[in-house]
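S.K.: Starting from these lines, generate the structure:
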Amino acid sequence: MTGEEPSNSDLDDSPDIYFDDTVECSFQQDPRETIKEESCTGKAPGTAPAPAPQPPATSDSQETIQLHASRSSGPSGFKITVGEPIGAGGMAEVDAATQESLNREIALKRPRSDRKTDEIAASLIGEARMLASLDHPNIPPIHQLGFTDNGQPVIVMKRVRGNSWRALIQDPTHSFWDGQPPFQLKIHLGILQQVCNAVEYAHEKKIIHRDLKTDNVMVGDFGEVYLLDWGVALALEENGERAVDQFSGTLCFAAPEMLSPNAPLTRRTDVYLLGCILHEILTLELRHKGGKLREVIDNALASEAYSYNEDVHPALAAIANKATDRDPDQRYQSVSEFRKAIEEHLAHYQALELLDSTREKLAALEKLYSDREADRDGFKFHETAYLCRFGFQRVAKIAPELEGIQDGLLRVLELQTGFELEMGRIETAGRIILLIRNMQPDWKGLAGLESFLKEVETKLHESSELSTQIQYKLMEELQKKKED
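M.R.: Alright, predicted model coming up:
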C-alpha cells in the first residue's frame, strides 16, 4: 500500500494479505482487472510497477506456430496460424487462430510478450491441466497444451463467439436483445443458473474459481453460456479448505476471506462471488466500490448488507445479501442452495406469466358468457372455463402470495354456475356452489348464487307441476274421446 492511502483503525489488528505497488497500479487502471499471485511476487513496496496490459500488436503478416508436446521434444506437427487478437490480461494474451490440420477455429492463450517468466509459464501450465479436468457444457474445452520453439506454453482452446455478459447487463439496448422477450432480468437469472451449474461441477472436483464476475462469462450467439478465465482457480484440500497468503481475484468482487491470511478459502467463497454477480444484475454496480484501493478493501472486509431499491424484488435482495454475508457460515452453504433459491424466484416469474395468460382467458370466458346464445351446446365455454380454473389453481400452488388468484378463480366458478343454471342444470350448479362455499364461505357473491339456484329450482318445480297437470288433462281428454 502507498503512504497516501487512508487506513481503517478497526482493521489494523487483522492485517490484510500483502499487496505491492503492482496491485495499486492495476487497480487504478481498471478496478475490474483480475489480480494473480504472480503480480504480487518478488517485489517490495515502492518498486516500479509492472507495465499495464496492452493488447497484442496487429500485423498484416500472419504468425505461424509449430507446437511441441513438451519443452524438450521436437515439433509435434501441430501447426497453428495466429489470427486477430481477442484480448489481453495482466499475464497472458488470447488470439484467434486456426488449427491447420483440421482447418478449425481455435483460441490461443499464451504469455504476454513482456511477461514471459517462469512463474507465468507455470501458471498457464497449471491452468491448462486444471481446465483439462473440467468437462462441462458451460466450460469451454481445452484442445491442447503445447510449447513454442522457445519453450513458452500455449493453451489451445475452443473459440467462443458471442458477447461478454457484462456488456449485456450494462447495455439494455444491445443488439443481443433484439427479438428477445422484454423481461431481461429473467434472462439474466437464467444465465446465472448456467454459471452456477459450471461452478457446482468444479466444486465436485474440489476446484474453486476465485474470479467469478460478469466479465468472465460469455454468452454465445446461439444462447450458449461459458464460464471463462480459470487462471486463478484453486484446488481445495481434502477438508474442503485452502489457505493462501496472497490475494488472487478481482478486488471489487472479493469475499472477505480472500483478503485475510487467517481465513481459509472454501466453496462458500465462490458463493459470495456469485452473490456479487447477482448484485451487479440488480443494480448495474459493483458490490465493493471506492475511490482508492484501501476503501475497496475495507468495504469488502466489512461486507455490510446492501439496501436495495424498491424496484428490486425483496426475495432477490434477500438472496443477494445472504450470499454476500461477511460470515461464510451465514451464506448459502453450497452453490446448489444458491441456485435453487434463484430457481424458486424464477418460478415466481413463471407464475406471473401464467397469471397474465389466465386473466386473458378469463376475459374470453366473460365474452362467451355474455354471448352464450351463439354457443348453445356450451363446448367452447366449458373448455375455456376449465383452462381458467387450471391456470388459477396452478398459480396458487407455485406462487400463492400473488394477488388476484382467489378472486379470479371465484369469478370463473360464478360464471360457470350462472351458465349451468341458465341451462337448467341445477345439480351441476349446486356442486359448483358447494365448492365455492368450501373455498370461501363468506364470499360476497355466494348468497346471490344460492338465491339464483333456489329461483331456478322453484321455476323448474313449478314447470314440472304444470307439465304434470297438462299431461293429466291430456290423458283425461284422450280417455273421453275413446269412450265417445
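S.K.: which secondary element of this protein has the worst mean pLDDT?
M.R.: helix 21-29 (a mean of 53; mean pLDDT, DSSP states H and E).
S.K.: Can you name the secondary structure element that comes next after that one?
M.R.: Note on helix 21-29: by DSSP states H and E, the next helix or strand toward the C-terminus is strand 63-68.
S.K.: and R411, which of the three is it?
M.R.: Counting by DSSP: H, G, I helix; E, B strand; the rest coil, the backbone at R411 sits in helix.
S.K.: Going forward, count from 19.
M.R.: With the count now opening at 19, the last piece we talked about shows up as R429.
S.K.: from what I can see it touches K379, true?
M.R.: No. Look at R429 against K379 with CB atoms under 8 Å: they stay out of range, at 11.6 Å. Any C-beta I mention is one placed from the backbone N, CA and C, and that applies to glycine too.
S.K.: element containing I157, please.
M.R.: Judged by DSSP H and E, I157 forms part of no helix or strand.
S.K.: ok, now which ones touch the closest residue to it other than its chain neighbours?
M.R.: Spatially, and ignoring its direct neighbours in sequence, I157 is nearest to A216 (5.2 Å; CB to CB, 6 or more residues apart in numbering). Residues near A216 by CB atoms under 8 Å, 6 or more residues apart in numbering: 154, 156-157, 245.
S.K.: Phi and psi next, for A216.
M.R.: phi -70, psi -40 (degrees, to the nearest 10).
S.K.: Tell me where the model's unsure across the protein.
M.R.: 19-49, 53-79, 86-95, 390-395, 478-492, 494, 499-502 (pLDDT under 70).
S.K.: who does the longest strand that it contains pair up with?
M.R.: Secondary structure assigned by DSSP state E gives strand 93-106 as the longest strand of the chain. Strand pairing for strand 93-106, using DSSP bridges, gives strand 81-86 (antiparallel), strand 110-117 (antiparallel).
S.K.: where do the helices sit along the stretch 219-368 of the chain?
M.R.: Ranges of helices in the stretch 219-368 of the chain, per DSSP state H, counting those that start in this stretch, are 285-301, 311-320, 332-341, 353-388.
S.K.: buried set for the third one?
M.R.: Pointing back at helix 332-341 there. Using 16 or more other CB atoms under 10 Å as the burial criterion, the residues of helix 332-341 that qualify are 334-335, 337-341.
S.K.: ok, these vs V112, which is closest?
M.R.: A341 (29.8 Å; CB to CB).
S.K.: surely that closest one meets L296?
M.R.: Yes. Assessed by CB under 8 Å, A341 is found in contact with L296 at 6.7 Å.
S.K.: In the stretch 169-318 of the chain, mark out all the strands, start to finish.
M.R.: 171-176, 180-182, 225-226, 235-238, 243-245, 252-253 (DSSP state E, counting those that start in this stretch).
S.K.: coming back round to it: out of the strands paired with strand 93-106, flag the one nearest F240.
M.R.: Per CB to CB, nearest to F240 of those: strand 110-117, 18.6 Å.
S.K.: hey, C-alpha coordinates of the closest one in PDB?
M.R.: The C-alpha trace of strand 110-117 is given here as PDB (Å, rounded to 0.1, in the frame of the first residue of the first chain):
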ATOM      1  CA  ALA A 110      -1.500 -13.600 -20.900                       C
ATOM      2  CA  GLU A 111      -2.900 -12.700 -24.200                       C
ATOM      3  CA  VAL A 112      -5.500 -14.500 -26.300                       C
ATOM      4  CA  ASP A 113      -5.600 -14.600 -30.100                       C
ATOM      5  CA  ALA A 114      -7.900 -16.100 -32.600                       C
ATOM      6  CA  ALA A 115      -6.100 -18.800 -34.600                       C
ATOM      7  CA  THR A 116      -6.600 -21.700 -37.000                       C
ATOM      8  CA  GLN A 117      -5.500 -25.300 -36.400                       C
END
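S.K.: Would you mind getting the angle between that strand and strand 171-176?
M.R.: With axes from the mean of the first three to the mean of the last three CA atoms, to 10 degrees applied, the angle from strand 110-117 to strand 171-176 works out at 60 degrees.
S.K.: Any buried residues in strand 110-117, and which?
M.R.: Neighbour-count burial for strand 110-117, counted by 16+ other CB under 10 Å, picks out 110-117.
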